[in-house]
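A.B. asks: quick one, what's the 3D model for this:
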Amino acid sequence: MAPDGEEQDANILGVEEPLKEFTDKIIAIIHRDDDIEEKWVVASADLVFSKDQIMKQVHFQEQYFDSKIIR
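C.D. replies: Numbering: from 1, shown residues only. Sure thing, here's the model as predicted:
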């Protein structure tokens, strides 16, 4: 559970189709200075993403927050 009392949010990278479940590896955590919860970044273990690549993938949401990637 996340600090907001809801289930933890995660961005799944490298998957193009809708999913009901996903189990693999947390590759990064997005810390928001202006929000109560962090967001997990998840991908298949065989995929590698740089911090810049991750931010480009999640920019649609993170553009509204003061966020940074921590690993």
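A.B. asks: quick one: mean pLDDT over the strand ranked longest in the chain.
C.D. replies: For the chain, the strand with the greatest residue count under DSSP state E is strand 25-32. In this model, strand 25-32 has an average pLDDT of 96.
A.B. asks: so what touches it?
C.D. replies: Outside strand 25-32, the residues that touch it by CB atoms under 8 Å, 6 or more residues apart in numbering are 10-11, 13, 38-45, 47, 49, 51, 54, 58, 62, 65-71. The way it works is simple: take the backbone N, C-alpha and C, and place the C-beta from them, glycine included.
A.B. asks: give the buried residues for it.
C.D. replies: Going by neighbour count (16 or more other CB atoms under 10 Å), the buried part of strand 25-32 is 27-28, 30.
A.B. asks: please apply the same query to stretch 34-44.
C.D. replies: For stretch 34-44, burial by neighbour count (16+ other CB under 10 Å) applies to 37-43.
A.B. asks: what's the answer for stretch 46-57, then?
C.D. replies: By neighbour count on 16+ other CB under 10 Å, the buried set for stretch 46-57 is 49, 54-55, 57.
A.B. asks: hmm, which two among these are most spread apart?
C.D. replies: The distance between the two most remote of the buried residues of stretch 46-57 (CB to CB) is 9.6 Å, for 49 and 55.
A.B. asks: tell me the contacts of the residue nearest the centre of the chain?
C.D. replies: Nearest to the geometric centre of the chain sits residue 41, at 2.8 Å (CA atoms, centre = their mean). Taking CB under 8 Å, 6+ apart as the criterion, residue 41 is in contact with 10-11, 13, 26-30, 49, 54, 58, 69.
A.B. asks: quick one: which of the residues you listed is nearest residue 19?
C.D. replies: Nearest to residue 19 among the contacts of residue 41, with distances taken as CB to CB, is residue 10, at 10.6 Å.
A.B. asks: for residue 68, see how far away the closest residue to the closest one other than its chain neighbours is.
C.D. replies: Spatially, and ignoring its direct neighbours in sequence, residue 10 is nearest to residue 40 (4.1 Å; CB to CB, 6 or more residues apart in numbering). Distance of residue 40 to residue 68, computed by CB to CB, to the nearest Å: 14 Å.
A.B. asks: okay then, goodbye and thanks.
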